[in-house]
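Asks: this is a predicted model, with the sequence first.
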Amino acid sequence: MHRLAAALLIFSAALPAQHRSDPRYSYHRVIAVVPFTGSGTPADPIRAKYAPAGQNAAAPGTGIIAFAMEPTDDGKYAVVELVALDRAALAQILADHSPGVLVFEKGVVSNASIEAAIKPLRRDFSLRTFGVVM
């Protein structure tokens, strides 16, 4: 009985020592290179394709809940990270095979592969410093 109590005490002491998962890998995330869109008006600002804006933003808890964006070195495209609660909200971008569009599902494609594909377009790109932390 004493051994069981001692084992439970040791086990319960180890529980708080578990590390929290990195928030950069929570939810469903896509890293993509997409063209800019929008007319530049307040109602339709210039932004990365698929990034929500103003009245086009999804209702809370649906669609894309967060994003980060940086222009490529030539300014013609944007490197964007889109975050959604469920993968279905990212289906349209995952299916986009337009010329010039690159799409990588975070956690499915290695970080090294993502960086290698994007560095020719944005030479200082690093997944360590890019993205949405939530």
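Replies: It's in.
Asks: when you work out contacts or count neighbours from here on, use the C-alpha atoms and nothing else.
Replies: Will do.
Asks: quick one: average confidence on stretch 29-43?
Replies: For stretch 29-43, mean pLDDT rounds to 92.
Asks: what lies in contact with the longest strand anywhere in the chain?
Replies: Secondary structure of the chain read by DSSP state E shows that its longest strand is strand 28-37. Contacts with strand 28-37, where a contact means C-alpha atoms under 8 Å, 6 or more residues apart in numbering, come from 46-49, 76-87, 90, 100-106, 114, 118.
Asks: convert the C-alpha atoms of that strand to PDB, please.
Replies: In PDB, the C-alpha atoms belonging to strand 28-37 read as follows (Å, rounded to 0.1, in the frame of the first residue of the first chain):
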ATOM      1  CA  HIS A  28      -5.000  23.700 -39.200                       C
ATOM      2  CA  ARG A  29      -2.300  25.800 -40.900                       C
ATOM      3  CA  VAL A  30      -1.300  26.500 -44.500                       C
ATOM      4  CA  ILE A  31       1.800  28.300 -45.700                       C
ATOM      5  CA  ALA A  32       1.300  29.600 -49.200                       C
ATOM      6  CA  VAL A  33       2.600  31.900 -51.900                       C
ATOM      7  CA  VAL A  34      -0.300  33.700 -53.500                       C
ATOM      8  CA  PRO A  35      -0.900  36.800 -55.600                       C
ATOM      9  CA  PHE A  36      -2.200  40.000 -54.100                       C
ATOM     10  CA  THR A  37      -5.900  40.800 -54.500                       C
END
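Asks: alright, calling it a day.
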